[in-house]
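Trainee: Build me a model:
(chains A and B)
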Amino acid sequence: GDSVTQTEGQVALSEEDFLTIHCNYSASGYPALFWYVQYPGEGPQFLFRASRDKEKGSSRGFEATYDKGTTSFHLRKASVQESDSAVYYCALGSYQGGRALIFGTGTTVSVSP
Amino acid sequence: EAAVTQSPRNKVAVTGGKVTLSCNQTNNHNNMYWYRQDTGHGLRLIHYSYGAGSTEKGDIPDGYKASRPSQENFSLILELATPSQTSVYFCASGDPTGGDNERLFFGHGTKLSVL
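Mentor: Here you go, the predicted structure:
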């Protein structure tokens, strides 16, 4: 079945560092790809999405490019802030299951001042 | 902004007891979902619904039932709770008509501990 793999479980950075979280997917067809962010005590929040090859999604300084050739949607931010500390989830939109999202295992990002 | 409200926020239950988690959405979304969140597994789909009266099994439905009595409300029921069901549960709603609408709105979660 469809799946999403996030390589990094935890990432520790200092402010102004560059952030990369790797996301690879396995799915048939052309699923939409998403990034969600979750702050402590809250539910996941939509960050952005992309739905076709080479499309770039972006929000709040984060960006990712849909790459069908490498089946990837890596999240990047050039200069992180302490307020970016959160759990980040990559997800794909399934064509089954009521169009539910299939999530990766999440990456915990900790940014120190 | 879409609003999804879950209750209770925290719940302690005993093994073998019945637990009901409630979810309400005010966005008139057709689809609603229940996920559980566990370290190392991310978010996994338990049940979902296409609308009032509809419930469907997700990827990990064993030990759970769901109920959708109205467009706004979607409940998750644990008839015989077990310690392995200790987790954080998230309800979400969405209107998967494509485009920017193809995203989910999540509640704040319910932390369930089964002792």
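
Trainee: Can you list the strands that the helix or strand of chain A with the lowest mean pLDDT pairs with?
Mentor: Least confident helix or strand, chain A: strand A:101-103 with a mean of 91, by mean pLDDT, DSSP states H and E. Partners of strand A:101-103 in the sheet, by DSSP bridges, are strand A:86-93 (antiparallel).

Trainee: hmm, stretch B:86-94 in reach of chain A?
Mentor: Yes: contact of stretch B:86-94 with chain A (C-beta under 8 Å from any C-beta of the partner chain) involves B:90, B:92, B:94. Using the backbone N, CA and C atoms, a C-beta is placed for each residue, glycine as well.

Trainee: Just the closest of the residues you listed to chain A, please.
Mentor: residue B:90 (5.4 Å; C-beta to the nearest C-beta).

Trainee: Work out the gap between the least confident helix or strand of chain A and the centre of the chain.
Mentor: Centroid displacement of strand A:101-103 relative to its chain, using C-alpha atoms, centre = their mean, to the nearest Å, is 11 Å.

Trainee: What is the subsequent helix or strand relative to that strand?
Mentor: strand A:107-112 (DSSP states H and E).

Trainee: Name the residues that touch that following strand?
Mentor: A:6, A:8-15, A:17, A:19, A:21, A:80-89 (C-beta atoms under 8 Å, 6 or more residues apart in numbering or on different chains).

Trainee: go with 7 Å
Mentor: A:6, A:8-15, A:19, A:21, A:80-82, A:84-88 (C-beta atoms under 7 Å, 6 or more residues apart in numbering or on different chains).

Trainee: can you pull the buried residues of that strand?
Mentor: Of the residues in strand A:107-112, A:107, A:109, A:111 count as buried by neighbour count, 16 or more other C-beta atoms under 10 Å in any protein chain shown.

Trainee: ok, now stretch A:74-84?
Mentor: Result for stretch A:74-84 [16+ other C-beta under 10 Å]: buried residues A:74-75, A:77, A:80, A:84.

Trainee: how about it, does it reach chain B?
Mentor: No: Stretch A:74-84 does not reach chain B (C-beta under 7 Å from any C-beta of the partner chain); its nearest approach is 14.8 Å.

Trainee: Neighbours of residue B:110, how many?
Mentor: For residue B:110, the neighbour count with other C-beta atoms under 10 Å in any protein chain shown is 23.

Trainee: Who are the contact partners of it?
Mentor: Residue B:110 touches B:6, B:8-9, B:11, B:21, B:89, counting by C-beta under 7 Å, 6+ apart.

Trainee: which of those residues count as buried?
Mentor: For these, buried by 16+ other C-beta under 10 Å: B:6, B:11, B:21, B:89.

Trainee: my guess is the first one meets residue B:111, correct?
Mentor: No: proximity of residue B:6 to residue B:111 does not meet the contact threshold set by C-beta atoms under 7 Å, at 10.3 Å.

Trainee: ok, and the closest non-adjacent residue to residue 58?
Mentor: No chain was given, so I picked chain A. residue A:48 (5.9 Å; C-beta to C-beta, 6 or more residues apart in numbering or on different chains).

Trainee: oops, I was thinking of chain B
Mentor: In this structure, residue B:58 finds its nearest non-sequential neighbour in residue B:45, 3.4 Å apart by C-beta to C-beta, 6+ apart.
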